[in-house]
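**Student:** turn this into a structure:
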Amino acid sequence: MRHFFLDRRLRKIEKEANDDLLMIIEAGPQYYSNQELYHLLDKLGLQEYEVLQFNRKLFLILASVSVWFILLFFAYAVDISWLSGLMTFLILSFILAFAVGKIYLHQKFRTYKSSGLIRSIIQQELERRQKDASIS
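**Tutor:** Next comes the predicted model:
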């Protein structure tokens, strides 16, 4: 049992060490070349785009719950029990899908919350290097 927890902890540490965007915050950008920093800026932009697309899908899932609520009230008003059962199931499953999607989003894109900070750190380092190169 101890090996399981140790292996799981080691995999987590290895995963975090391989995340260059997280390493920018922890260690700083001075250990990266200009080409790597520009690549990380592109990676950050792609990550922001993916999160935006995923959030739009989650918003549509959550917005559709209001439609299921309207149909649920209609089913109760007309006294269609099978439709009200189906709408209740859809409401619960879409809320569950939204919650699972949010958890997945936070697990996959751990550095998204601090993407603005990462972007400014990289840009400041690139500007500093540009000034240093012009002085030399």
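
**Student:** helices or strands up against the longest helix along the chain?
**Tutor:** As assigned by DSSP state H, the longest helix anywhere in the chain is helix 34-78. In terms of contacts (3 or more CB pairs under 8 Å, 6 or more residues apart in numbering; DSSP states H and E), helix 34-78 is packed against helix 20-27, helix 81-108, helix 115-135. Any C-beta I mention is one placed from the backbone N, CA and C, and that applies to glycine too.

**Student:** deepest of those, which one?
**Tutor:** helix 20-27 (a mean of 16; mean count of other CB atoms under 10 Å).

**Student:** now that one - C-alpha only, CSV.
**Tutor:** Only the C-alpha atoms of helix 20-27 are listed here, as CSV (Å, rounded to 0.1, in the frame of the first residue of the first chain):
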residue,chain,number,x,y,z
ASP,A,20,6.9,24.5,-18.3
LEU,A,21,4.2,27.1,-17.6
LEU,A,22,4.1,26.1,-13.9
MET,A,23,7.9,26.2,-13.8
ILE,A,24,7.9,29.8,-15.1
ILE,A,25,6.1,30.8,-11.9
GLU,A,26,8.2,28.7,-9.6
ALA,A,27,11.7,29.1,-11.0
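
**Student:** got the angle for that helix vs helix 115-135?
**Tutor:** Here helix 20-27 runs at an angle of 70 degrees relative to helix 115-135 (axes from the mean of the first three to the mean of the last three CA atoms, to 10 degrees).

**Student:** give me the angle between helix 20-27 and helix 34-78.
**Tutor:** 110 degrees.

**Student:** off-centre distance for helix 20-27?
**Tutor:** 17 Å (CA atoms, centre = their mean, to the nearest Å).

**Student:** likewise for stretch 122-133?
**Tutor:** Worked out by CA atoms, centre = their mean, stretch 122-133 lies 28 Å from the chain centre.

**Student:** separation between residue 28 and residue 12?
**Tutor:** Noted for residue 28: a distance of 22 Å to residue 12, by CB to CB, to the nearest Å.

**Student:** any idea which of the helices and strands packed on helix 34-78 scores lowest on pLDDT?
**Tutor:** Out of the helices and strands packed on helix 34-78, helix 20-27 stands lowest, with a mean of 83 (criterion: mean pLDDT).
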